[in-house]
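Undergrad: After the sequence you'll find the predicted model.
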Amino acid sequence: MSHPPTPRITTTDPTPKDPPSEGPKASKGLKAGSIGIGPTVALGLAAVAPAYSLAVTLGFVVLAVGASTPAAFLLGFVPILFTALAFRDLNKEMPDCGGVFVWITRVFGPAAGWFFGGWVPQMATFIASAALAQVATTYLLNFFGLVWIAAEPIAVSAIACGLIALSAWIAARGIELSAWVQYALIGLQLVALGGFCVAAFTAMATGTSAGTAAGGAEPPSLEWFNPFASGDISGLVSGVILCLFIYWGWDALIAVNEETTDRKGTPGKAVVITTVILLFFYVVTATAAVGFAGTAGITNPDTVSDVLSVLGPQATGEVFGQVIMLAVGLSALAALMTVAVSTPRTWLSMGTYGALPRGTTRMHAKRGTPATSISWWAVITMAITLGLTAISADFIGLAILSVGLMIAAYYAATALASVVYFAPLMRTSPSALVLKGILPGIGALLMIGAFAYSAVDMLSPDYAGLSWLGIGSVFWIGIGALAVGAAVTAIVKPRLRRFFSGATIPRGNVTSRHELPTILSNETEA
């Protein structure tokens, strides 16, 4: 049963010592203090889907840079780390489940916030969610020996919709259940990746690697970690951009910042810890895979698009190889479940500040979850999954390739927002100049460079093998999504006047931190 919305005016106190009950819990209905840093990190790792990301991307990185793949992961980590610093510092100042939406709005205004903090990440997430649901379905069907079902697009889409519904149900049950489910799923992924690495390094040490059998073994070398050892700058840039994609997702944990034990400190620490863990596993796994199979083995047409599923059984044996296949499928499912947690909380924040209809703020009184937003997330994600499948069985894959543009766009906007927000501190503090200015600024420039390079690359009619009017289809999808977003922003502006007038989130910087957003209202479901 729904109760009439009760207007509330709440300001976030800038002092970090305030108890959580005076902050987001009082304003939005989320359960403050529910999870600590461990579950928060688990959510961040799960959102990235490391096992799945490595399985389907590692081969193409090797194709671009060869044995310098570990170096590409190291170099790709640099803009990610610098951007993560921006997320950490902005969250400490403005710990809101809306994350980039609130931060960009605060610094650059409502239109920029709605577009770069709302539309762009949401479009990227919806496309990724459709892919994740289908990938999880396909891998799990193959694991259980139901290959014939996995070959039927209609059946796969139907089961994928079932997994979306399951993800929504778990998210609606409460943040604690979601966090513990992610603990189990991310634990399996790390065990699978760790097991593969141990087996691969052992095979190299004993001379029984797959590469040795094929005559193409490549013993690990320090040159693998030198970004410029290959001498192919173009290939290196392509490899680094691919690496940006497989690091993406860690920022999803920001959506649960109001439910952590220390909403100003825990999410920021979790962001840095998550990215460092990803760096370690990516570099070690890449080194193990290249050393075990060699670049020729990994770039083999039968291996390049799904490295772990092919090399896993070769390195660890059939039994553990099946565990690796299961881990890849559950990795995609874990990421989908994390999106079911993060996206509705972004909508909750947007609705709270008048950037979306107030129905998105309706909360379940006992579970502290945005019930209406979770339901809408499930419905829209199912519709997109079915729609993209109806267009073409390959269309989701093309759409995924365009997501890199959206990731670079909103990461760059967030890093720039950090620089502008903290600019007054940089004149008085050398540490602020470096940590809040120079490093996030470099991160923003690198993201902008990645965006420009990717866009130019996608212009080619040969990109992904499909084109329209002489321009790559992926370019049309990516730039088209951004163009539609700009149009939608203009259309909704007169309908959401209070938000777009700046009344709910006034513009400001670190010197005007007391002028924090005004909460409109929320609704509660019994």
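TA: All right, it came through fine.
Undergrad: Contacts for the host helix or strand of Leu425, please.
TA: Element membership of Leu425 [criterion: DSSP states H and E] is helix 423-426. With CB atoms under 8 Å, 6 or more residues apart in numbering as the contact definition, helix 423-426 has outside contacts at 432-433, 436-437, 509-511. C-beta coordinates here come from the backbone N, C-alpha and C atoms, glycine included.
Undergrad: Who wins on neighbours among these?
TA: Lys436 (24 neighbours; other CB atoms under 10 Å).
Undergrad: that older thread, between which two of the contacts of helix 423-426 is the distance greatest?
TA: For those, the maximum inter-member distance is 16.0 Å, found between Leu433 and Thr511 (CB to CB).
Undergrad: in the stretch 301-450 of the chain, which ranges drop under the pLDDT threshold?
TA: Applying pLDDT under 70 to the predicted model, the residue ranges of the stretch 301-450 of the chain that meet it are 392-397.
Undergrad: Break down it into its strands, ranges please.
TA: In order along the chain, the stretch 301-450 of the chain carries the following strands (DSSP state E, counting those that start in this stretch): 362-364.
Undergrad: residue ranges for the helices of it, please.
TA: Ranges of helices within the stretch 301-450 of the chain are 307-316, 318-352, 371-391, 395-421, 423-426, 430-432, 439-459, based on DSSP state H, counting those that start in this stretch.
Undergrad: Make a markdown table from those helices and add distance to Val492 to it.
TA: Converted to a markdown table, the helices of the stretch 301-450 of the chain look like this (distance: least, CB to CB, whole Å):
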| stretch | distance to Val492 |
| --- | --- |
| helix 307-316 | 42 |
| helix 318-352 | 11 |
| helix 371-391 | 16 |
| helix 395-421 | 18 |
| helix 423-426 | 30 |
| helix 430-432 | 36 |
| helix 439-459 | 24 |
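Undergrad: contacting residues around Leu459?
TA: 471-472, 475.
Undergrad: now, which of those sits nearest Thr303?
TA: Proximity of these to Thr303 was ranked by CB to CB; the top entry is Gly472 with 25.4 Å.
Undergrad: OK, contacts around the closest one?
TA: 458-464, 466.
Undergrad: What average pLDDT does stretch 502-522 get?
TA: Per-residue pLDDT over stretch 502-522 has a mean of 72.
Undergrad: Can you check which of the helices of the stretch 301-450 of the chain gets nearest to Leu43?
TA: helix 318-352 (5.6 Å).
Undergrad: Look up phi and psi at Arg263.
TA: Here is the backbone geometry of Arg263 (degrees, to the nearest 10): phi -60, psi -20.
Undergrad: what about it, how many neighbours?
TA: For Arg263, using other CB under 10 Å, the count is 27.
Undergrad: Give me the secondary structure label for the residue lying closest to it once chain neighbours are set aside.
TA: The shortest distance from Arg263 to any non-neighbouring residue, by CB to CB, 6 or more residues apart in numbering, is to Pro95 (4.2 Å). Using DSSP: H, G, I helix; E, B strand; the rest coil, the structure places Pro95 in coil.
Undergrad: wouldn't Pro95 be in contact with Asp262 here?
TA: No: taking contacts as CB atoms under 8 Å, Pro95 lies outside contact range of Asp262: 9.1 Å.
Undergrad: who's more crowded, these two?
TA: More neighbours sit around Pro95 than around the other of Pro95 and Asp262, counting by other CB under 10 Å; the figures are 25 against 16.
Undergrad: Please identify the helix or strand for Ile479.
TA: When elements are defined using DSSP H and E, Ile479 is found to belong to helix 473-492.
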